[in-house]
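[1] quick one, fold the following:
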Amino acid sequence: MSKVQRQAASSRIIGEHAVTSPPQLIEVLAEHGIEAPLATGTRDLDDIGANKVRVPSGNPVYAIPAFAPDRLAPVD
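    Prediction:
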């Protein structure tokens, strides 16, 4: 899997799950069959522009403010 494909998967995961930390992102990626070290997950969050935001429950989760799905590489 390429970096672009992994980051696309990370973006989708952030849109579908309440990801609160880089270790949690790595865990969810692994559940989807994508293995990556913690440092890579942390870099990917920065590269895709993920920021922590507070949801109505008050918990901080990652979100991508200017998410543009058409800029992502296809998974296959």
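[2] in contact with Ser21, which residues?
    Going by Cβ atoms under 8 Å, 6 or more residues apart in numbering, Ser21 touches no other residue. (Glycine included, C-beta is placed from N, CA and C.)
[3] what distance do you get for it to Gln5?
    22 Å (Cβ to Cβ, to the nearest Å).
[4] same question for Arg43.
    The value you get for Arg43 to Gln5, if Cβ to Cβ is used, is 15 Å.
[5] same question, Thr42
    When Thr42 is compared with Gln5 (using Cβ to Cβ), they lie 18 Å apart.
[6] now do the helices in the chain.
    Taking DSSP state H as the criterion, the chain contains helices spanning 3-16, 22-31, 38-47.
[7] figure out which of those is closest to Asn59.
    Asn59 lies closest to helix 22-31 among those, at 12.0 Å (Cβ to Cβ).
[8] just for this protein, where's the confidence low?
    Within the chain, the segments meeting pLDDT under 70 span 66-76.
[9] residue closest to the middle of it?
    Ser10 (3.0 Å; Cα atoms, centre = their mean).
[10] which residues touch that one?
    Contacts of Ser10 by Cβ under 8 Å, 6+ apart are 25, 29, 41, 44-45, 48, 50.
[11] how far out from the middle of the chain is stretch 43-54?
    7 Å (Cα atoms, centre = their mean, to the nearest Å).
[12] what does that stretch contact?
    3, 6-7, 10-11, 14, 22, 25, 36, 60-66.
[13] good, we can wrap up now.
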